[in-house]
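Student: I'd like to go over a predicted model; first the sequence, then the structure.
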Amino acid sequence: MAETKEKTVKHEYPLEKIRNIGIIAHIDAGKTTITERILFYTGRSYKIGEVHEGEATMDWMDQERERGITITSAATTCFWTPRKWLGNEDPDSEHRINIIDTPGHVDFTAEVERSLRVLDGAVVILDGKMGVEPQSETVWNQANKYNVPRLIFANKLNLLGGDFYMCLNSVKERLSPKVAPIYLPLGIEHEYHGTIDIVERKAYEYQDPEGLDWKEVEIPDEMVSEVEKYREELIEMVADSDEVTMEKYLNGEELSVEEIKTAIRKATLSGTFYPFFGGDGRRAIVKILLDNVVLYLPSPLEVQPAIGHNPDNMEDVSLAPNESEPLSALAFKVQTDPFVGRLTYIRIYSGKITSGSYIYNSTKDEKERVGRLLLMHANHREDMQIAKAGEIVAAVGLKNTFTGDTLCDEANPVVLEAIKFAEPVISMAIEPKTKEDQEKMGTALARLSEEDPTFRIHSHQETGETLIYGMGELHLEILTERMRREFGVDTIIGAPQVAFRETIRKPVEAEGKYVHQSGGRGQYGHCVIKVEPLGRSEGFRWVDAIRGGSIPREFIPAVKAGVEEALTRGIIAGYELIDIQVTLLDGSFHDVDSSEIAFKIAGTEALQKAVRAADPVLLEPIMIVDVICADEFMGEVIGDLSAKRGRIESTKMRGNVRELKALVPLSEMFGYATTLRSMTQGRASFSMEPSHYDEVPAGVAEKLISKR
C-alpha cells in the first residue's frame, strides 16, 4: 500500500449541515458498493471501485480486497448538495456527510457496535433478492440500542429475484411495522429502469445506458393508483408526528410537498418511522439516497445530547453540541497506520480540539498530547488544524487512549458511557514458528488487541501456552494473517476450541490467609470475602465493604488483584469465571509483616475456597443458527440440529424455501457447513451468531473436566 498524498481541509460547515451516518447490513447486501458510488457521485473518487474486482476504495486492506468482504469499518467524508442532479447549484445548501462503512459478517460485529455508538443516523441496506436476513436483524437491534434514526434501502432490485414488495413486507414482519415507501421502482428485475417519488408524484428513469443520471418522465398510467395508495399510507403513518400536518390531514385538507417532507423528517428523527425505498445501488439511485440522507437523517444538533457523569461527584452532565462548551469526546476505534503510526478515532460531542494541544483522558486520569488531527478517507488522510463538536476525526499521538475512553477538558472532567462488546466465543493456541518470531509475536498481539476489543490474549501460566480468543474462525484467521503480513510474524496455530466459561450457583463466604515466617520479616495477609452469582453477561463485579480499617486501604487493591487472577484461571476446569460478584467483608493485618503480595495470595486463596463451595458449573456459548433450505430437506435438518443438542425456535416459509431458526451449542457446530451441504445436496445455506452462555449438561461437563 503506497502512502497517499495528504492535504489540508478547507471545508467548514455549520452543525446543521453535517451528517454522521453509518452504512449497515447483512454480508453481501452491497454496503461497500453503494459507498463506492457515493464517493464517485460526490467527487471524492473519479473511478468507480468494484468490490468483486478488488478495487474498492473503502476495502483498503489486502485481505478485504482478496476476499471481497469488509473486515474493518472505514470512515470517509464527502460533500453533497441535495437536488444537484435536478439543477440545484446553490453553494449554501451543500452538506458535509461523514460516512462509516461497516462489515456485514457477524465475526466483525464489534465494528458495527462501536460505529453505531458514535453515529447520528444509519442507512440499512437489504439484498433485494433476500429481504431481511439474520445479520440484518442483528444490526437493526444494535441501532435500536443506541436509538439511531434509519433509512432502509432495498438494493439489487435489478437482479433476478429482486422484489421490492417482498422486501417491504419482510421489514414489516421482522424489523418494524413503522415503515412505508417514499419511492416506488419502475420495472422489476432486469427491466428495472427508474423510480417514482411518491411525495412529489414525479417519475425518473435512466437518461443513459449506464444509468448514471436521471431524466424526468410521466408516471405510467398503470402505476398512478398504486402511487396514490402508498402516498395515502405514507401520510397517514407520519401525520401524527407534526401537529399542523395532523390537523390538516384530519380535516381532509391537501398537504403540500414540504409539509409531507417535514412530517417524514420529524417522524424519522423521533424513531417512529423508517422511510423505505430501493433500486440498483450501482446506479443513479445513489443520488436520491444522498438527498434522503440530508433530508431525513439528523444533524448533530437534532440528536439527544450525550450524557456523561462527573467523576468527582458522579452527577450526570448533559453535553451540548457546541464548540464553545468544554471538550467532551469518545475514542471509539484504535488503528495502526503504517505511515503515521497509532490512529485514534474520536467523536467530539462538545467543545473543540486543536492540533498540537493537550487533552485529558478522564478514563485513565492522565493527559495526552494530540500530535495531529486527520480527516480520514478510508486509508487516505487530510490534515486539520481544529476539530469541533459534531465531527468525527482521527488523532495521532494518543499513546494511552483506547476504545471507550473519554477525552475532555481537565478543568471540566466528564466520563461518557463506555462501549460494551460481546464476549469472544472461540479460542486457538498460537506459538511463533521461530525464536526470532517470539518477541515480534508479543508486539503484534498487543497491537491487534488494542485495535479490536473482541480479540483477547491469555497466557496459561502452568503450560506457557498462549491462547487467542475471538468471535469466530474467520475472525481469528484474519487476525493471524494480519500478523504475518503487517508484522512479519510466522505462527503455528492449533485447532479452534470453544471458549467455555465457569460460574457459580449460590452465595458463599470464605476466608483466605497467608502467613509465612522464615526468620526476619515474615508475610501476613488475611481477608474474608463473599461470592454471589450474577445474571448472564453481567461479568465481574467487585464490592469493597471494609469498614473500620480491618484491612488498610493500601492493601485492598492487592486483594482485588488476587481475586481477579484466580478468576482468569478458573476452578473446576481452568476456564475463566464470569457472572460473579465478590464482596470484601473483613480481614486482618500485621503492623510489620503485612504486604501487598501477602494480601494478593490471600485474595486468590479466598476466591478458590469460596467458588469450590458455591456449586460451580461450566457454561458454553449458545449460537443462533439460521438455516434456509428446500422444504423437502427440513425434516432431516431439524433431526440433525436436535442431535446436536439444538433447540428449534421457529420454522416458516420464505418464498419457495423454508427458514429455520435454532439455538445450538457452538461446540456442536464445527464442520456444519460440510454436513449441511451433504444433507441437502448443496441446496441450503446457514448463518450463525453468538446468543448467550448457558449451563453445560452434567454428562458433557464431566467429559470436559476430565479432559482438562
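Tutor: Okay, I see it.
Student: Quickly find the element holding F339.
Tutor: According to DSSP states H and E, F339 maps onto no helix or strand at all.
Student: if I look at it, how far off is R553?
Tutor: In this structure, F339 and R553 are 47 Å apart, going by CB to CB, to the nearest Å. For every residue, glycine as well, the C-beta is placed using N, CA and C.
Student: helix or strand right after the lowest-mean-pLDDT helix or strand in the chain?
Tutor: For the chain, using mean pLDDT, DSSP states H and E, the weakest element among its helices and strands is strand 7-8, scoring a mean of 40. In the C-terminal direction, the helix or strand that comes right after strand 7-8 (DSSP H and E) is strand 18-25.
Student: got the angle between whichever helix or strand comes after that following strand and strand 18-25?
Tutor: Using DSSP H and E, the next helix or strand after strand 18-25 towards the C-terminus is helix 31-41. Helix 31-41 runs at 140 degrees relative to strand 18-25, counting by axes from the mean of the first three to the mean of the last three CA atoms, to 10 degrees.
Student: Could you pull up phi and psi at the closest residue to S170 other than its chain neighbours?
Tutor: If you skip the residues right next to it in sequence, S170 has G131 as its closest partner in space, 3.3 Å away by CB to CB, 6 or more residues apart in numbering. Torsion angles at G131 (phi, psi; degrees, to the nearest 10) stand at phi 70, psi -150.
Student: G131 reaches K172, doesn't it?
Tutor: No. G131 sits out of contact with K172 when judged by CB atoms under 8 Å, with a separation of 10.4 Å.
Student: Have a look at those two and say which one is more surrounded.
Tutor: Just comparing G131 and K172: by other CB atoms under 10 Å the higher neighbour count belongs to G131, 22 against 15.
Student: Look up which residues are beta-bridged to the more buried one.
Tutor: Beta bridges link G131 to D127 when assigned by DSSP bridges.
Student: quick one, what contacts it?
Tutor: 163, 166-167, 169-171, 654 (CB atoms under 8 Å, 6 or more residues apart in numbering).
Student: how close does the residue most central in space within the chain get to F540?
Tutor: For the chain, the residue sitting closest to the mean C-alpha position, by CA atoms, centre = their mean, is E113 at 1.9 Å. Distance check for E113 against F540: by CB to CB, it reads 20 Å.
Student: beta partners for E216?
Tutor: Per DSSP bridges, the residues bridged to E216 are Y204.
Student: cool, and K333?
Tutor: In this structure, K333 has beta-bridge partners Y345, where bridges are defined by DSSP bridges.
Student: those strands in the stretch 301-450 of the chain, which residues are they?
Tutor: Along the stretch 301-450 of the chain, the segments classed as strands by DSSP state E, counting those that start in this stretch run 306-309, 316-319, 328-337, 341-350, 352-354, 358-361, 366-369, 372-377, 380-384, 386-388, 392-396, 406-408, 415-416, 426-432.
Student: Dump those to TSV, plus distance to Y41.
Tutor: What follows is these, written out as TSV (distance: least, CB to CB, whole Å):
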stretch	distance to Y41
strand 306-309	32
strand 316-319	34
strand 328-337	26
strand 341-350	25
strand 352-354	31
strand 358-361	36
strand 366-369	38
strand 372-377	15
strand 380-384	18
strand 386-388	26
strand 392-396	21
strand 406-408	34
strand 415-416	35
strand 426-432	40
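Student: Can you say which of those strands is nearest to E439?
Tutor: Each of those was scored for nearness to E439 using CB to CB, and the closest is strand 426-432 (8.6 Å).
Student: For the closest one, which helices and strands make contact with it?
Tutor: Secondary-structure packing of strand 426-432 (3 or more CB pairs under 8 Å, 6 or more residues apart in numbering; DSSP states H and E): helix 435-451, strand 466-470, helix 473-487, strand 491-493, strand 497-498.
Student: For it, buried residues please.
Tutor: When burial is assessed from 16 or more other CB atoms under 10 Å, strand 426-432 yields the following buried residues: 426-430, 432.
Student: Most widely separated two among those residues?
Tutor: Taking CB to CB, the two most distant members of these are I426 and P432; they sit 21.0 Å apart.
Student: Quick one: low-confidence residue ranges for the stretch 551-700 of the chain.
Tutor: Within the stretch 551-700 of the chain, the stretches with pLDDT under 70 are 655.
Student: just the helices in it please.
Tutor: In chain order, the stretch 551-700 of the chain shows helices spanning 556-569, 596-613, 634-643, 672-679, 698-707, with DSSP state H, counting those that start in this stretch as the criterion.
Student: I'd like the distance between R485 and A446.
Tutor: When R485 is compared with A446 (using CB to CB), they lie 17 Å apart.
Student: Domain ranges for the chain, per the record?
Tutor: Structural domains annotated on the chain: 7-302, 306-416, 426-495, 502-615, 619-707, as defined by automatic domain parsing.
Student: chain center to the longest one, what's the gap?
Tutor: Using CA atoms, centre = their mean, to the nearest Å, the distance from the centre of domain 7-302 to the centre of the chain it belongs to is 20 Å.
Student: shouldn't L212 be in contact with A284?
Tutor: Yes. If you go by CB under 8 Å, L212 and A284 touch, sitting 5.8 Å apart.
Student: quick one: common contacting residues for these two?
Tutor: Between them, L212 and A284 share the neighbouring residues Y206, with contact defined by CB under 8 Å, 6+ apart.
Student: Of those two, give the one with the bigger neighbour count.
Tutor: When L212 and A284 are compared on other CB under 10 Å, the one with more neighbours turns out to be A284, at 25 against 18.
Student: of all the helices and strands packed on strand 426-432, which gets the most neighbours per residue?
Tutor: Stretch with highest mean neighbour count among these: strand 466-470 (a mean of 21; mean count of other CB atoms under 10 Å).
Student: related to what we said a few turns ago, closest one to E659 among the helices and strands packed on strand 426-432?
Tutor: helix 473-487 (22.7 Å).
Student: Going by contacts, tell me the helices and strands next to the closest one.
Tutor: For helix 473-487, the packing partners by 3+ CB pairs under 8 Å, 6+ apart come out as helix 62-67, strand 426-432, helix 435-451, strand 466-470, strand 491-493.
Student: and with 10 Å instead?
Tutor: When contacts are defined as 3 or more CB pairs under 10 Å, 6 or more residues apart in numbering; DSSP states H and E, helix 473-487 packs onto helix 62-67, strand 328-337, strand 426-432, helix 435-451, strand 466-470, strand 491-493.
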